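*Asks:* Provide a 3D model corresponding to the input given below.
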Amino acid sequence: MAKVSDAFALDIALQPKQEQLLRLMRATGPKVATWIGFGGARGGAKTGGIRRVMLQCLFENPGTVGFIMRRNLGDIKETFLKKFAIEFPQIQKYYHHSDQEYRLPNESRLAFKYGDTYKDIEQVARGP
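*Replies:* Presented below is the predicted three-dimensional model:
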């Protein structure tokens, strides 16, 4: 259960491999992996795991920013935005279409970025 306050909580259910990913994301210390590979068969709940683990991490760490990158906006809409609307309808009021991001009640943000080439991705990753 990801709880922001008594008034706002999400029930985020994870499969065992998704729990493992969450543990890796929570890990701290000098010998912690900074690159995590998460693969498997088609339909293996990888994208769903990313959605759920990202939300869990953002709720556990108020005021943080996470971003999810895909190759194009269509991929973002199909694999993330439509699925978030189905799985977590209570966060839809926090979505800002103009910035393509959720601004969560604990001041964390989940932004969606896209880039077709490595150079595009580098540009997005640098900021603003």
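*Asks:* Could you pull out the helices in this structure for me?
*Replies:* With helices called from DSSP state H, the chain shows them at 16-26, 46-60, 73-76, 82-87, 118-126.
*Asks:* Select, out of the ones you listed, the one closest to residue 10.
*Replies:* helix 46-60 (6.7 Å; CB to CB). From N, CA and C alone the C-beta is placed, and that goes for glycine too.
*Asks:* now the angle from that closest one to helix 16-26?
*Replies:* Put simply, helix 46-60 runs at 40 degrees to helix 16-26, going by axes from the mean of the first three to the mean of the last three CA atoms, to 10 degrees.
*Asks:* could you dump helix 46-60 to PDB, C-alpha only?
*Replies:* C-alpha atoms of helix 46-60 as PDB (Å, rounded to 0.1, in the frame of the first residue of the first chain):
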ATOM      1  CA  LYS A  46       7.800  -5.800 -17.300                       C
ATOM      2  CA  THR A  47       6.000  -2.600 -18.300                       C
ATOM      3  CA  GLY A  48       3.400  -3.100 -15.600                       C
ATOM      4  CA  GLY A  49       6.200  -3.600 -13.100                       C
ATOM      5  CA  ILE A  50       7.800  -0.400 -14.200                       C
ATOM      6  CA  ARG A  51       4.500   1.500 -13.700                       C
ATOM      7  CA  ARG A  52       3.800   0.100 -10.300                       C
ATOM      8  CA  VAL A  53       7.400   0.300  -9.000                       C
ATOM      9  CA  MET A  54       7.800   3.800 -10.200                       C
ATOM     10  CA  LEU A  55       4.600   4.900  -8.400                       C
ATOM     11  CA  GLN A  56       5.700   3.100  -5.200                       C
ATOM     12  CA  CYS A  57       9.100   4.800  -5.200                       C
ATOM     13  CA  LEU A  58       7.700   8.200  -5.900                       C
ATOM     14  CA  PHE A  59       5.100   7.900  -3.100                       C
ATOM     15  CA  GLU A  60       7.800   6.600  -0.700                       C
END
